[in-house]
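> Sequence plus predicted model, see below.
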Amino acid sequence: MSTTPIKPQRLYDMVFLIVPEKDEQGVTAVVDEFRKHLLDNKATIEKDETMGRRRLAFVIQKKHEATYHNFLFRAESQGVAEVQRKMRLSEDILRFLTVRIDEELKHGEKVKRNTKVRQPRRIDSPMMDAPMPAHISSAAVSQQPAPAAAPAAPAAPAAPAAPAAPAAPAAPDAPTE
């Protein structure tokens, strides 16, 4: 009796950019096409959100803006790979990014479990009421040293002076220092 192992459906977040030449109906058609690809690959879509047309941070394929769309879905890894392959081949997609979220969630839970809860510092600690040592005066504690002054701006150049008389050449047999 042979049983096929059940492959886990993992949680993924996919964001993709649609070319700006598409109008609203064109964008809807592209999104519907990739939604259909996901569902054909046995994915369950948890969130389907259009984030609208936005200006790109940098130029991609000579384009300055694109329509952003986001899918949050559960699927098997082979299904995700197939949808990514189709996105790479599509001329309607500028860029896409798929992130496996379940690993991030597991890591976050592990960090939360292993992090100890810290108690806030007490404001009215016994050290605040302790007397100050004799060699430190209260005036020295309350006065902070002044920050170093910024260097002064150079003075405006003075009016040009009259040319000075040329210096006499030194005698050739005079000792030089």
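Received it, and whenever you're ready, just let me know what you need. Numbers count the residues shown, from 1 in each chain.
> what comes into contact with the longest helix along the chain?
Using DSSP state H to assign secondary structure, the helix with the most residues in the chain is helix 24-40. By Cβ atoms under 8 Å, 6 or more residues apart in numbering, the surrounding residues in contact with helix 24-40 are 16, 18, 22, 45, 48, 50, 67, 69, 71, 73, 75, 79, 82-83, 86-87, 90, 92-93. The C-beta positions use only the backbone N, C-alpha and C, and glycine is treated the same way.
> so where's the chain shaky on pLDDT?
Regions of the chain meeting the criterion pLDDT under 70 cover residues 1-5, 124-177.
> Okay, helices next: where are they in it?
Ranges of helices within the chain are 24-40, 77-89, 101-114, 126-129, 138-142, based on DSSP H.
> In space, what's closest to residue 74 - neighbours in sequence excluded?
Once its chain neighbours are removed from consideration, residue 74 has its nearest residue in residue 9; the separation is 4.3 Å (Cβ to Cβ, 6 or more residues apart in numbering).
> I'd guessed that neighbour sits against residue 80; true?
No. Here residue 9 lies out of contact with residue 80, judged by Cβ atoms under 8 Å, at a distance of 10.1 Å.
> In terms of neighbours, single out the busier of these two.
residue 80 (19 against 16; other Cβ atoms under 10 Å).
> re the thing from before, same list (the helices of the chain) but as CSV, adding distance to residue 58.
Formatted as CSV, these follow (distance: least, Cβ to Cβ, whole Å):
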stretch, distance to residue 58
helix 24-40, 22
helix 77-89, 20
helix 101-114, 26
helix 126-129, 53
helix 138-142, 52
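> Out of those, flag the one nearest residue 120.
Nearest of these to residue 120, taken as Cβ to Cβ: helix 126-129 at 15.2 Å.
> quick revisit: pull up the overlap in contacts between residue 9 and residue 80.
Taking Cβ under 8 Å, 6+ apart as the contact criterion, the residues that touch both residue 9 and residue 80 are residue 43.
> what's the spacing between the closest residue to residue 91 other than its chain neighbours and residue 112?
Once its chain neighbours are removed from consideration, residue 91 has its nearest residue in residue 19; the separation is 7.5 Å (Cβ to Cβ, 6+ apart). Residue 19 sits 41 Å away from residue 112, going by Cβ to Cβ, to the nearest Å.
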